[in-house]
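1. Dropping a prediction and its sequence here:
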Amino acid sequence: MRKLGEGRPSPVFLKEKGREIEGQDQRLSKEKTMKSPAYTAMMDRVLAEIDQGTMPWRRPWRNGAVACLPARNTGEPFTGGNILLLSMAAAFNGFSGNRWFTFKQAEALGGRVRKGEKSSVAILCNRTTKEDETGDPEKVRHLTYTKAYPVFCADQIDGLDAECYGRPPARRDLSTFEISDFIRRLALPVQHKGDMAYYDTRTDKVVMPHPEQFDTLDDYQATLLHEAGHLTGSAARLNRKDLETYHLHASRAREELTALS
């Protein structure tokens, strides 16, 4: 005699099985997103900057661009990982606007992406429901999916309304600030650009945000001296091996401690 419930899965089993399937679908969707060429290119660039000693998300000074989070074409701020992805894209490319548009969104607003401009990657996360062919409500699948899509910063688009471009904050007047004689005598190879501070081993230069982006001259000089500490480890100077293997955790820790000392 067949026992009660034998031969058909229990509601508990169906529920657990549904979670397993949903989890598999989410993993597959995530893997597909992470294989996107645009997503891969962005991550490769981030890792390359880290290998060079740059932390793209660390900003102990005011951003030279619009002091707002990355926003959609409507002005609504992005959320989740898009904040990190698009903030880094803006920093890498020196964008001053904070609104991002798809190609069609820009066209709908009367704008036109300039020829030769390259898109950045944003991630769309959404949920959908998939019913079973038999119509069994127990077999309805709730799926979460992600996909990468290309977007352009307002800086890359002509013809948009003025509000889409935002207004860069006014830089502080540091005309009365005097760099200390000690730093002046060091004659450091410094290049002012962008919104990140780091020692570029490829050009043998300390890259710094403009002095006007710092709250005080002391903040600027402290950051400059820290990055100059990394500069002393180049092959032509002290030839510190930790600088060559900075991508390794132990080497990074020792090098940062050296630069702080």
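-> Here it is on my side, so go on. Residues are numbered from 1 along each chain as shown.
2. Give me the below-cutoff pLDDT ranges for the chain.
-> Residue ranges of the chain with pLDDT under 70: 1-42, 45-46, 49-68, 167-178, 261.
3. per-domain residue ranges of it.
-> Using automatic domain parsing, the domain ranges for the chain come out as 11-164, 181-260.
4. What residues sit buried inside the longest strand anywhere in the chain?
-> Across the chain, the longest stretch assigned as strand under DSSP state E is strand 141-153. For strand 141-153, the buried set under the neighbour-count rule, 16 or more other C-beta atoms under 10 Å, comprises Tyr145, Thr146, Ala148, Val151, Phe152, Cys153. Quick note: C-beta positions are derived from backbone N, CA and C, even for glycine.
5. repeat for stretch 77-90
-> So, applying 16+ other C-beta under 10 Å, buried residues of stretch 77-90: Phe78, Asn82, Leu85, Leu86, Ser87, Met88, Ala89, Ala90.
6. returning to that earlier point: for the buried residues of strand 141-153, which one is nearest Leu224?
-> Cys153 (28.5 Å; C-beta to C-beta).
7. Spatially nearest residue to the closest one, not counting backbone neighbours?
-> Excluding the flanking residues, the one nearest Cys153 by C-beta to C-beta, 6 or more residues apart in numbering is Phe95, at 4.4 Å.
8. Double-check that neighbour against Phe152; I have them as touching.
-> No: between Phe95 and Phe152 there is no contact under C-beta atoms under 8 Å: 9.8 Å.
9. hey, what's in contact with both of the two?
-> Common neighbours of Phe95 and Phe152 (criterion: C-beta atoms under 8 Å, 6 or more residues apart in numbering): none identified.
10. State the distance from Ala187 to Leu231.
-> 12 Å (C-beta to C-beta, to the nearest Å).
11. Could you do Arg72 as well?
-> Counting by C-beta to C-beta - Arg72 and Leu231 are separated by 40 Å.
12. Which one's more surrounded, these two?
-> Leu231 (22 against 16; other C-beta atoms under 10 Å).
13. Going along the chain, name the strands of this protein.
-> Going by DSSP E, the chain shows strands at 100-101, 112-113, 120-130, 141-153, 157-158, 190-192, 198-200, 205-208.
14. before we move on, the earlier item: show me the buried residues of stretch 77-90 that map onto helices.
-> Asn82, Leu85, Leu86, Ser87, Met88, Ala89, Ala90 (DSSP state H).
15. The closest residue to His226 other than its chain neighbours - how many residues pack around it?
-> Distances taken as C-beta to C-beta, 6+ apart place Ala259 nearest to His226, at 5.5 Å, with adjacent residues excluded. Neighbours of Ala259 under the rule other C-beta under 10 Å: 20.
16. thinking again about what came up before, rebuild the strands of the chain as TSV, extending it with distance to Leu217.
-> Shown next, in TSV, are the strands of the chain (distance: least, C-beta to C-beta, whole Å):
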stretch	distance to Leu217
strand 100-101	34
strand 112-113	40
strand 120-130	34
strand 141-153	31
strand 157-158	37
strand 190-192	14
strand 198-200	20
strand 205-208	13
